[in-house]
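Participant: okay, structure incoming, though there's no sequence with it:
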């Protein structure tokens, strides 16, 4: 298995632009998580899905952030409009029920 | 009180020394416990699970004290390759909560 796949690996954009991050979970995993990591705040859970259904989005910072999971093999995290304070590494992770969680390599986002 | 608390470090330790990390969690109903390792500019990866009876994997020993809501990780005979950030992880139902991590630098 290729593991969790994220794209792009790096994204540099200007303030106000829309940013879309993509994730392909490991096949057969029924949970998908989106995290954001910064030096100041550590690893923060933004939202997670179970069987493609959003379960808890209480970590989503504000309305500028949205996430979707249209099918079991694909999820997106969208930021619109982006702001400099959104600069961080965004990780996607997946797991089967009560098993080890596997992370993707992350997307390093810089908003200028 | 934060859900999962760790000493941020950094811990600067000479090669060959023993290192101990501690972690406390706030929810007594937490169910599962793990240590993850994160190398610089990489994703976190599972190091080991933590059980009430304690468990050992080579140079690594993990302990859980449910009464005190405390988790520990001990690294014996530390190697240069052990330099990384160590994240304490606690689960509450479906939710997985990460500590901010403790940075470890092993010095030659």
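Facilitator: That came through fine. From a predicted model like this one, the values you see are computed outputs, not experimental measurements.
Participant: can you list the residues of chain A near chain B?
Facilitator: A:31, A:33, A:35, A:41-43, A:45, A:48, A:50, A:55-56, A:91, A:98, A:100-101, A:103-106 (Cβ under 8 Å from any Cβ of the partner chain). The C-beta positions use only the backbone N, C-alpha and C, and glycine is treated the same way.
Participant: can you flag the buried ones in the residues you listed?
Facilitator: A:31, A:33, A:35, A:42-43, A:45, A:48, A:56, A:91, A:101, A:103-106 (16 or more other Cβ atoms under 10 Å in any protein chain shown).
Participant: could you identify the most distant pair in those residues?
Facilitator: A:56 and A:105 (23.9 Å; Cβ to Cβ).
Participant: in chain B, which helix or strand is least confident?
Facilitator: Ranked by mean pLDDT, DSSP states H and E, the weakest helix or strand in chain B is strand B:95-98, scoring a mean of 86.
Participant: ranges for the strands of chain A?
Facilitator: A:5-7, A:10-13, A:19-24, A:31-38, A:42-50, A:53-56, A:65-71, A:74-79, A:88-95, A:102-103, A:107-111 (DSSP state E).
Participant: now those strands as JSON lines including mean pLDDT?
Facilitator: Formatted as JSON lines, the strands of chain A follow (pLDDT from 0 to 100):
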{"stretch": "strand A:5-7", "mean pLDDT": "97"}
{"stretch": "strand A:10-13", "mean pLDDT": "97"}
{"stretch": "strand A:19-24", "mean pLDDT": "98"}
{"stretch": "strand A:31-38", "mean pLDDT": "95"}
{"stretch": "strand A:42-50", "mean pLDDT": "93"}
{"stretch": "strand A:53-56", "mean pLDDT": "94"}
{"stretch": "strand A:65-71", "mean pLDDT": "97"}
{"stretch": "strand A:74-79", "mean pLDDT": "98"}
{"stretch": "strand A:88-95", "mean pLDDT": "96"}
{"stretch": "strand A:102-103", "mean pLDDT": "94"}
{"stretch": "strand A:107-111", "mean pLDDT": "98"}
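Participant: any chance of those in TSV with distance to residue B:69 as columns?
Facilitator: Putting those into TSV (distance: least, Cβ to Cβ, whole Å) gives the following:
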stretch	distance to residue B:69
strand A:5-7	34
strand A:10-13	39
strand A:19-24	33
strand A:31-38	23
strand A:42-50	19
strand A:53-56	22
strand A:65-71	31
strand A:74-79	32
strand A:88-95	24
strand A:102-103	26
strand A:107-111	34
